[in-house]
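# Sequence below, structure please.
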Amino acid sequence: MPYHHFRKAVVAFVAVFSTCGLRADVRMPAIFSDNNEIVLSGVWKSKVEMSVEPTKLPFALPSPYSIPAVFFNAMIAPYSKFPLRGFIWYQGEGNAGAAQQHDVLFPAMIESWRKWWGDEKLPFYFVQLASFRAREAQPSEGGWARLRESQLKTLALHDTGMAVAIDIGAAMGTLRATPAGSAQP
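All right, here's what the predicted structure looks like:
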């Protein structure tokens, strides 16, 4: 059965390389009703309705990545009225330089999201940071290792689970990488 005939929507929150957004299953995006379908992939014609000359603003616009709660208010809160069975989270690379703060902020985020959805027992599963750099001959301090430790400590919260991804290795981001959650041969 094609994916678009299922009656339940699955939406993933995606934040990759500082670009964020929502996506559903995008193997073949389409608009459909009854037996009609318009496939949205491919080349589309477009027409500029109005052109505005660029101008310099008299003030600096704040970066959305530096304003607390922007992602939550724009991307998470609107879905708080929808029922869900739990959370799956993969993020942390951006916090590697502040792993000590992560010890407090990550569990606080989990607890606040559970309160926001009105269910203190909603499962929260997350992926521990994978290894990224080449192996070093001598052990050394590093933000990623400290952040993995912080993620491990988060398991002290009830109804949490962690997928260990340390073994997807330095090939992360290449064609040889094994994405977290994929089946192994």
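# tell me which helix or strand of this protein sits lowest on mean pLDDT?
strand 19-23 (a mean of 39; mean pLDDT, DSSP states H and E).
# Now do stretch 131-147: everything it contacts.
Contact with stretch 131-147 is made by 92-93, 95-97, 99-100, 102, 129, 166-170, 172, as judged by CB atoms under 8 Å, 6 or more residues apart in numbering. No exception for glycine: its C-beta is placed from N, CA and C like everyone else's.
# can you tell me which of these are in helices?
Mapping the contacts of stretch 131-147 onto helices (DSSP state H) picks out A99, Q100, H102.
# Throw those residues into a markdown table and include pLDDT, thanks.
Output for these, formatted as a markdown table (pLDDT from 0 to 100):
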| residue | pLDDT |
| --- | --- |
| A99 | 83 |
| Q100 | 84 |
| H102 | 88 |
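# Most neighbours out of those residues, which is it?
H102 (22 neighbours; other CB atoms under 10 Å).
# Can you tell me the SS state at M162?
Secondary structure for M162, judged by DSSP: H, G, I helix; E, B strand; the rest coil, is strand.
# per-residue confidence for it?
pLDDT recorded at M162 is 95.
# With E49 as the reference, measure out to Y79.
Y79 sits 31 Å away from E49, going by CB to CB, to the nearest Å.
# more crowded one of those two?
Between Y79 and E49, counted using other CB under 10 Å, the more crowded position is Y79 (13 against 5).
# Pull up the gap between that one and W116, please.
10 Å.
# F82: neighbour count?
9.
# let me fix that: A163
12.
# What does the residue nearest to it when sequence neighbours are not counted show for phi and psi?
Leaving aside its chain neighbours, A163 sits nearest to V127 (4.8 Å; criterion: CB to CB, 6 or more residues apart in numbering). V127 adopts backbone torsions of phi -100, psi 120, taken as degrees, to the nearest 10.
# Sketch out the low-pLDDT regions of the protein for me.
Applying pLDDT under 70 to the chain flags the ranges 1-48, 59-69, 133-135, 140, 169-185.
# how about the helices in it?
For the chain, the helices defined by DSSP H cover 70-71, 99-117, 143-153.
# can you give me the strands for the chain?
12-16, 19-23, 30-33, 36-39, 87-89, 124-127, 160-163 (DSSP state E).
# ok so, going back, export the helices of the chain as a markdown table, with columns for distance to L84.
Compiled in a markdown table, the helices of the chain are given as follows (distance: least, CB to CB, whole Å):
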| stretch | distance to L84 |
| --- | --- |
| helix 70-71 | 17 |
| helix 99-117 | 7 |
| helix 143-153 | 22 |
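# Pick the most deeply packed of those helices.
Counting by mean count of other CB atoms under 10 Å, helix 143-153 has the highest mean neighbour count of the helices of the chain, with a mean of 18.
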